[in-house]
Each structure stands twice: as structure tokens, then as C-alpha cells.
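*Asks:* using only what follows, build the 3D model:
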Amino acid sequence: MIEVNNISRSFAQLKVLKEINLTVERGEILSITGPSGAGKTTLLQIIGSLDRPDSFFLFYESTEIFTLNDKKLSRFRNANIGFVFQSHRLLPEFTLEENVAMPALIGGISRSEALTEARRLLDYLGLSERCGHRPSQLSGGECQRGAVARALINKPAVVLADEPSGSLDSQGRQNLHKLFFDLRRDFGQTFIIVTHDETLAAMADRRVVMADGRINRIDSLRTL
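*Replies:* Numbering: from 1, shown residues only. Below is the predicted model:
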């Protein structure tokens, strides 16, 4: 589904990624681990088209996404990629359902249709009674599940998560980890998850171990 081909990335004199090669299968849950500074988040941002590599070879199916102009790339990202960050990044002035609906509204879906889909996802995630609450009225776990719903609103092929359980307590982490596998089962999404959480990393189908801007090894943990 995704092919990363010989990607490098430098910032000034610092080479953060060095000739990265990686393929990701449709429906796979892939974890990326390694020490701080290994290049994990930079790699995830490039896969998500939020940053451009020094060499442009990143394919989604047959589309080399960095050949697209900025407008087409933004449309591709909105339609095909969902993001979950360590901090939920919900907008404080909007309700939970409005936050979840935001990517659909940006994608041109009508407000009524976007809010209907947002409520459906929030119901699936056990948050139907919290739809009208603002982020300040929700727990950390509720906000993060809301962020997952927002990532799913446009039915993306792939969801990218950067330390998604890092700000949660142990029960919240356990619930979120289970949720990713439930979503893969029910909706067929592909997940690429950067994490320091060894429990989550070990649950993945494969684990990519990075150090010093390179992939040291890839461990197969489950059979797809």
C-alpha cells in the first residue's frame, strides 16, 4: 500500500533520516520504535506528507505523492490520511462533534452530513453522550478517543499516530491500544504508530526499530 524508497531528510547540517526503505501492507498495524532523536517522528511526518524529504520517492498505491502540487497534495492528505497526535489538538472553542467533523467540512462535505458521521463515530467510540461537550469538559482519554474519531471521519486508508497514548494513564493506554485493533477489524484501516510504549509496539504486526536516522531492523510479530 505504501512504499518508502530511499528517503533522506536533513535540517541544515544535521542528517535526520538516512536512506530509509520501507513498505507497508494494506490493513497492517506497524509500530516504529527507537530512542529519542532516532528520526521516528520525522519519518511519520514525511509518510503523512506534512514534511518533504530531500529525495522524493513515497508512493501510495501507484501515486508518487510528492509529485503533486500543494493544492492536490492537501486534498490527497485530507481524503486518505488520518492523524492522531500525543496531544489531542482538539480546538477548545468547538464541541467534540464539531471537532470530529472538521476534516470532513474541510473536504467539502455538508455540515449536516459531516455532523451525522461525527456522531456515528463518537457513538462507536462510546462518546455519544459527550458530543456537545467542549474539550475542557472531557477527560484526557475522552479527548484522545475524540481525536481518533476525527482521524477516521473521512474514511482514510491509513491512520498515522505519533505517541498516541503518551499522555494517558495506564487504563487509558490499554483502552486506546485495544481501540486501534478494533478499528482495524471493523473498518480495515492501516495504522503506522510511533511509540515508546513497549506494550503497544509488541502488539503490532511488525515493529520497525530505528536508531541514528536509519532502520536497524524490522521484527515480524504477527501473521497478517
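*Asks:* which residue is the nearest non-sequential neighbour of the residue positioned nearest the centre of the chain?
*Replies:* By Cα atoms, centre = their mean, the chain has its centre lying nearest to Leu160, at 1.7 Å. Closest residue to Leu160 apart from its sequence neighbours, by Cβ to Cβ, 6 or more residues apart in numbering: Gly48 at 4.8 Å. For the C-beta atoms, the positions are set from N, CA and C on the backbone; glycine is no exception.
*Asks:* for the one you found, which residues are in contact?
*Replies:* Arg77, Ile81, Phe83, Leu160 (Cβ atoms under 8 Å, 6 or more residues apart in numbering).
*Asks:* okay, now Leu179: neighbour count?
*Replies:* 18 (other Cβ atoms under 10 Å).
*Asks:* now Arg217. Its backbone dihedrals?
*Replies:* Per-residue torsions, Arg217: phi -160, psi 160 (degrees, to the nearest 10).
*Asks:* which of the three states applies to the residue lying closest to it once chain neighbours are set aside?
*Replies:* Once flanking residues are discounted, Arg217 sits nearest to Val209: 5.1 Å by Cβ to Cβ, 6+ apart. Per DSSP: H, G, I helix; E, B strand; the rest coil, the secondary structure class of Val209 is strand.
*Asks:* so what's Val209 bridging to?
*Replies:* Val209 has these beta-bridge partners by DSSP bridges: Thr33, Arg217.
*Asks:* same question, Val84
*Replies:* With DSSP bridges as the rule, Val84 is bridged to Ala161.
*Asks:* gap between it and Leu183?
*Replies:* Going from Val84 to Leu183 by Cβ to Cβ, to the nearest Å gives 11 Å.
*Asks:* higher neighbour count, those two?
*Replies:* Comparing Val84 with Leu183 by neighbour count (other Cβ under 10 Å), the higher total belongs to Val84, at 25 against 19.
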